[in-house]
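Undergrad: Build the 3D model from these lines:
(2 chains)
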2 protein chains.
Amino acid sequence: MEHGGLLSFNKEKTELIDFSSNINPLGFPKSLQETLLDNFNRFAVYPDIKYRNLKFSVSKYLDCKAENILLGNGAVELIDNFCNEANRIIVCTPCFSEYILRAEARKKPVLRIPYLEDFLPDINSIEKNLQQNDLLILGNPNNPTGLSLKKEDVIKIYELVKAKNAFLLLDEAFFEFCPFIYDSIHLFKKDRFKNICIIRAATKFFALPGIRLAYACTSPEIAGKISRNELPWHINTAAEIAGCVIFEDNDYIQKSKNLIQEERKFLFENLNKYGKSSVIPMVPYFSECNFILIKLLKHSDVQAHEFFLDKNILIRTCSSFGVLGNNHIRIAVKSRIENEMFISAIKI
Amino acid sequence: MEHGGLLSFNKEKTELIDFSSNINPLGFPKSLQETLLDNFNRFAVYPDIKYRNLKFSVSKYLDCKAENILLGNGAVELIDNFCNEANRIIVCTPCFSEYILRAEARKKPVLRIPYLEDFLPDINSIEKNLQQNDLLILGNPNNPTGLSLKKEDVIKIYELVKAKNAFLLLDEAFFEFCPFIYDSIHLFKKDRFKNICIIRAATKFFALPGIRLAYACTSPEIAGKISRNELPWHINTAAEIAGCVIFEDNDYIQKSKNLIQEERKFLFENLNKYGKSSVIPMVPYFSECNFILIKLLKHSDVQAHEFFLDKNILIRTCSSFGVLGNNHIRIAVKSRIENEMFISAIKI
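TA: Residues are numbered from 1 along each chain as shown, chains lettered A, B, ... in the order given. The predicted model follows:
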């Protein structure tokens, strides 16, 4: 399976603008560099094996208790740990390829339920198929579609999951990019996160894919159960330090949210305006996220990849998402100057 | 289970001298800080998902090919991956507690074969018990005993393992500290690492427990098989960068080896000289490593822990190693000034 972020192995790094990787274009919070420098000697000692300070900091940011927190060496480690506990994994396709890969690595059967038109979840099919100890994984917002679940839908799905004594894993790695009208953590707190876990991460929004820091919120009972099988010291010291400073940087957080909101609008409007008449005719899907899924009207994703590469732009082909066929690409929402370069490229 | 390196949760950090954690007293190579600084922006991009440069650098250091290399987010991740592939895990006790914990996390049965007198491996018992698809894990040198396998013994054990089509995992996380007369990688290279994997790590010798970098050498077939189930981006960017510079620092490597050799001798001789007549009477075991196992003649390990804590020294109690009972402690070989403080403490 393919992943985004393949910059280093396409042409020379300095030439290419990477629209394949959905990372905050502002880069990581500047405060981080200074703090890491001041704490450099901590690489020579083990991280706290219980990650007390880190869990406290994350819980403050997510507005829950430290006992609700799970940590991951990236979101995929958390997904993997939950796959390990389930009988079967249910995913709605298209989705992040790692949901299926981790299920397979854990030798668990996978049930794929395609999204309906407009990428709405097929709640009827979920209800019909869901069984005890199933793990239902949903991207919220979903990758590569860029859409989040409606509040009433996520509640409905959660009630189904509870009724069947299954488990709902919401992958909200892109949470902060979305102009959300609800926060799942607030939504499910009153139910003490029974049968649900919500994953978030520093990877995308805080632009730290290299530091490997993801976190999740679930019931203390589930947190305890998952923790027992975690590798010791699975979170490295740089991530431990980062997790104690980045959430405090409110200026950065607000600035990032505003930037993405504005640039998503800019990209979407211009894709709509110039997409159809482009040399590579295309139509964007509406997105609530920091990436936009695009349907190609006449070309394959590989042809589009070649076309953009020739203009020093790296895009994400979507054939590997399976159900989308070979006529979709995904591009990240980047800074204005880069987004303009993308629009210029399709205008030619 | 308990681990060493509990410094941060015993008294105030600045007060205590940590003899519980077996880390190179020189600290990590100075070259690392500069390189990490120069590459700080790499935290904002994903590590190479195939870790090509890192594997090349490790293979050069270990004197094998890149196709032989496996990487781990610490040695325990590698141990965990191998446990996953086996029917049953065989360990020789006492040993690093994680061998058994990872086997249990992977729901695999564990057979414990105690070391014989003088902590020699019970090769007859290994031969009698070994079955197809067993994973035999041996510390080489072993923690907490500090002894490595004799060359003829490791060859004999390997031949048994091959004959039964089992697998031998040598945990050599402390390799560079030992005045080894053989290098397992050279020893098993001619057999193309069939049925064997040798784990090494930056954790102890390069004093980087916080950076999480372990590596291993096995056959390309086994490397491929284990890799298929690895989490993507399991090695963080700091570790990726470190692994491309620390092995080049020959001055640091030689200085560290000399220091440990000299200081182990100093500690051992003085423990022999003053141990028996100490307020806490004790006898050290011979060690080839950067730590020394000590038998207490009259006290429990908890009493010794209290005794040393009162003198601002943190030691490792060994009750958690099970078979050793409650009358053993383990101390790290540190710098001369610290080792002298330990000896002074037992002389009082």
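Undergrad: What are the boundaries of the strands in chain A?
TA: For chain A, the strands defined by DSSP state E occupy A:17-18, A:69-72, A:88-93, A:110-114, A:134-139, A:167-171, A:196-201, A:214-217, A:282-284, A:291-296, A:313-314, A:316-317, A:328-332.
Undergrad: Relative to the fifth one, what are the paired strands and their orientations?
TA: Read that as strand A:134-139. Here strand A:134-139 has these sheet partners by DSSP bridges: strand A:88-93 (parallel), strand A:167-171 (parallel).
Undergrad: Now do the buried residues in the last one.
TA: Buried residues in strand A:167-171, counting neighbours by 16 or more other C-beta atoms under 10 Å in any protein chain shown, are found at A:167, A:168, A:169, A:170, A:171. Glycine gets a C-beta too; all of them are placed from N, C-alpha and C.
Undergrad: residue contacts, residue A:129?
TA: Neighbour list for residue A:129: A:90, A:111, A:113 [criterion: C-beta atoms under 8 Å, 6 or more residues apart in numbering or on different chains].
Undergrad: so residue A:189 sits right up against residue A:65, yeah?
TA: No - look at residue A:189 against residue A:65 with C-beta atoms under 8 Å: they stay out of range, at 9.5 Å.
Undergrad: Could I get the strands of chain A in CSV, plus columns for distance to residue B:44 and mean pLDDT?
TA: As requested, the strands of chain A are exported to CSV (distance: least, C-beta to C-beta, whole Å; pLDDT from 0 to 100):
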stretch, distance to residue B:44, mean pLDDT
strand A:17-18, 11, 95
strand A:69-72, 19, 98
strand A:88-93, 29, 98
strand A:110-114, 33, 98
strand A:134-139, 22, 98
strand A:167-171, 21, 98
strand A:196-201, 14, 98
strand A:214-217, 16, 98
strand A:282-284, 26, 98
strand A:291-296, 17, 98
strand A:313-314, 16, 97
strand A:316-317, 18, 97
strand A:328-332, 13, 98
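Undergrad: any idea how far residue A:101 lies from residue A:224?
TA: Note on residue A:101: its distance to residue A:224, by C-beta to C-beta, to the nearest Å, is 26 Å.
Undergrad: Who is residue A:314 paired with across the strands?
TA: Judged by DSSP bridges, the bridge partners of residue A:314 are residue A:18.
Undergrad: more neighbours, residue A:101 and residue A:224?
TA: Under the neighbour definition other C-beta atoms under 10 Å in any protein chain shown, residue A:101 and residue A:224 were set side by side, and residue A:101 has more, 20 against 12.
Undergrad: Could you measure from that one over to chain B?
TA: Plainly put, residue A:101 is 8 Å away from chain B if you go by C-beta to the nearest C-beta, to the nearest Å.
Undergrad: Next: residue A:238.
TA: To chain B, residue A:238 is 5 Å away according to C-beta to the nearest C-beta.
Undergrad: The lowest-mean-pLDDT helix or strand in chain A packs against which elements?
TA: Least confident helix or strand of chain A, by mean pLDDT, DSSP states H and E, is helix A:30-38 with a mean of 91. Counting contacts by 3 or more C-beta pairs under 8 Å, 6 or more residues apart in numbering or on different chains; DSSP states H and E, helix A:30-38 is packed against helix A:237-242.
Undergrad: what does the stretch 151-300 of chain A put close to chain B?
TA: The stretch 151-300 of chain A comes close to chain B at residues A:207-212, A:228-229, A:231-234, A:236-240, as judged by C-beta under 8 Å from any C-beta of the partner chain.
Undergrad: When you filter those residues down to buried only, what's left?
TA: When these are checked for burial by 16+ other C-beta under 10 Å, the buried set is A:207-212, A:229, A:231-234, A:236-240.
Undergrad: Single out whichever of those has the smallest pLDDT.
TA: When those are compared by pLDDT, residue A:229 scores lowest at 94.
Undergrad: Counting neighbours, what do you get for the closest residue in space to residue A:133 that isn't next to it in sequence?
TA: Excluding its sequence neighbours, the residue lying closest to residue A:133 (C-beta to C-beta, 6 or more residues apart in numbering or on different chains) is residue A:87, at 4.1 Å. Neighbour count for residue A:87, taken as other C-beta under 10 Å: 12.
Undergrad: next one: residue A:15
TA: Counted with other C-beta under 10 Å, residues neighbouring residue A:15 total 10.
Undergrad: Distance-wise, check it relative to residue A:313.
TA: Counting by C-beta to C-beta, the gap from residue A:15 to residue A:313 is 10 Å.
Undergrad: cool, residue A:345 as well?
TA: 6 Å.
Undergrad: just residue A:206 next, same as before
TA: The value you get for residue A:206 to residue A:313, if C-beta to C-beta is used, is 25 Å.
Undergrad: Looking at the two, which has the bigger crowd around it?
TA: residue A:206 (28 against 21).
Undergrad: Contacts only, for the more buried one.
TA: Going by C-beta under 8 Å, 6+ apart, residue A:206 touches A:24, A:28, A:29, A:242, A:246.
Undergrad: hang on, the earlier thing: ranking the contacts of residue A:129 by neighbours, who comes first?
TA: Highest neighbour count within the contacts of residue A:129: residue A:90, with 26 neighbours (other C-beta under 10 Å).
Undergrad: That residue contacts residue A:111, doesn't it?
TA: Yes - the criterion here is C-beta under 8 Å, and residue A:90 meets it with residue A:111 at 4.7 Å.
Undergrad: if we can go back for a sec, which one, of the strands paired with strand A:134-139, ends up nearest to residue A:328?
TA: Residue A:328 sits nearest to strand A:88-93 of all the strands paired with strand A:134-139, at 12.8 Å, using C-beta to C-beta.
Undergrad: now that closest one, how far from the centre of its chain.
TA: Offset of strand A:88-93 from its chain centre (C-alpha atoms, centre = their mean, to the nearest Å): 16 Å.
Undergrad: residues in contact with residue A:345?
TA: Contacts of residue A:345 (C-beta under 8 Å, 6+ apart): A:308, A:311, A:313.
Undergrad: what would these look like in a markdown table with distance to residue A:185?
TA: Shown next, in a markdown table, are the contacts of residue A:345 (distance: C-beta to C-beta, whole Å):
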| residue | distance to residue A:185 |
| --- | --- |
| A:308 | 37 |
| A:311 | 41 |
| A:313 | 36 |
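Undergrad: Now flag whichever of these is closest to chain B.
TA: Distance to chain B, by C-beta to the nearest C-beta, is smallest for residue A:313 among those, at 16.5 Å.
Undergrad: residue ranges of the helices in chain A, please?
TA: Counting by DSSP state H, one finds helices in chain A at the ranges A:30-38, A:52-62, A:75-85, A:97-105, A:123-129, A:151-163, A:184-189, A:220-227, A:237-242, A:250-274, A:301-309, A:336-347.
Undergrad: Quick check: which of these is buried the most?
TA: helix A:237-242 (a mean of 26; mean count of other C-beta atoms under 10 Å in any protein chain shown).
Undergrad: what's the first-to-last distance across stretch A:265-283?
TA: End-to-end span of stretch A:265-283 (C-alpha to C-alpha, to the nearest Å): 14 Å.
Undergrad: who's in contact with that stretch?
TA: For stretch A:265-283, using C-beta under 8 Å, 6+ apart, the contacting residues are A:284, A:286-287, A:292, A:294-299, A:303-304, A:307, A:329, A:331, A:333, A:336, A:339, A:342-343, A:346-348.
Undergrad: Now do residue A:173 against residue A:197, distance only.
TA: Separation of residue A:173 from residue A:197 (C-beta to C-beta): 13 Å.
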